[in-house]
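> Quick one, fold the following:
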Amino acid sequence: MATVILVRHGRSTANATGLLAGRAVGVGLDQIGRDQATLTGERLAPVPLVGVVSSPLERCRQTAQFILDRQTGEPYAPVDLDLTECDYGQWQGRMLGDLETEDLWPAVQSQPSSVVFPGGESLAAMQARSVAAIRRHDAAFETEHGPGAVWAAVSHGDIIKSILADALGMHLDLFQRINVGPASISIVRYGASRPSVYATNTDAGDLSWLSNGIHSGDAPVGGGAGHKAP
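This next block holds a predicted model:
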């Protein structure tokens, strides 16, 4: 299959104040977030992306544009509603400090598979739709561009954590063990037998080794020799 680069949006104005923005409109990147997204675009510049798929929310579309601006080609750049933020329902627009006092908070931390946000979405449904979207796009890019294709998906922290949990074979109840920082890059390749996770939550480092895609087979016993230079 192709290789997907999972990119969280840069820091938003809501992140900076501790607000759970959810799907609220008009929440964009702050200056630190723009700087973070600029660096992410620079890191991905050596990698010829065949697509940059984004959540429809402004902070993700802004981050995606920083990536697209550094690409020499013209990647396919659709918006996908299935990569949008979790619907936090009545929690949306509230401060995280206040939400920590809610009776539901401990379940969000330790048993997220059981959580349905009041007036909103369940975390299990969030994971199901986002994983399905990633696998759908991945198969389409592989069909059109071949198994060496590399593409990016720009989304949100909980979305990417749930996708990584699935790729790692982790139960959703363990997904809070995964950290995904603003504008971070994680890398997954869906193989014939299982997904392979090549990176999680990186915010620095050379990615030029991805310029020719990943052509992987069985997992090397002992860890292998690492990536070849482009």
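
> List of residues touching the lengthiest strand in the chain?
In the chain, with assignment by DSSP state E, the single longest strand is strand 195-202. Residues outside strand 195-202 that contact it (Cβ atoms under 8 Å, 6 or more residues apart in numbering) are 3, 164, 166-168, 178-181, 184-189, 214, 216, 219. Using the backbone N, CA and C atoms, a C-beta is placed for each residue, glycine as well.

> any weak-confidence spans in this structure?
Applying pLDDT under 70 to the chain flags residues 216-220, 223-226, 228-230.

> the longest helix in it is where?
helix 123-145 (DSSP state H).

> Beyond that one, next helix or strand please.
The helix or strand immediately downstream of helix 123-145 is strand 150-155, counting by DSSP states H and E.

> Just list what that next one packs against, helices and strands only.
On a contact count with 3 or more Cβ pairs under 8 Å, 6 or more residues apart in numbering; DSSP states H and E, strand 150-155 meets strand 3-8, strand 51-54, helix 58-69, helix 123-145.

> Ok, which of the ones you listed comes nearest residue 194?
Closest to residue 194 of the helices and strands packed on strand 150-155 is helix 123-145 (Cβ to Cβ; 12.8 Å).

> residue contacts, the residue nearest to residue 36 when sequence neighbours are not counted?
With Cβ to Cβ, 6 or more residues apart in numbering as the criterion, residue 36 has its nearest non-adjacent residue at 3.6 Å, and that residue is residue 183. Contacts for residue 183 (Cβ under 8 Å, 6+ apart) come out as 7-11, 33, 36-37, 39-40, 63, 203.

> any idea whether residue 183 is helix, strand or coil?
In the three-state summary, residue 183 is assigned as coil, counting by DSSP: H, G, I helix; E, B strand; the rest coil.

> ok, now how distant is it from residue 19?
Residue 183 sits 18 Å away from residue 19, going by Cβ to Cβ, to the nearest Å.

> sorry, back to before: given the longest strand of the chain, what are its sheet partners and their directions?
strand 185-190 (antiparallel) (DSSP bridges).
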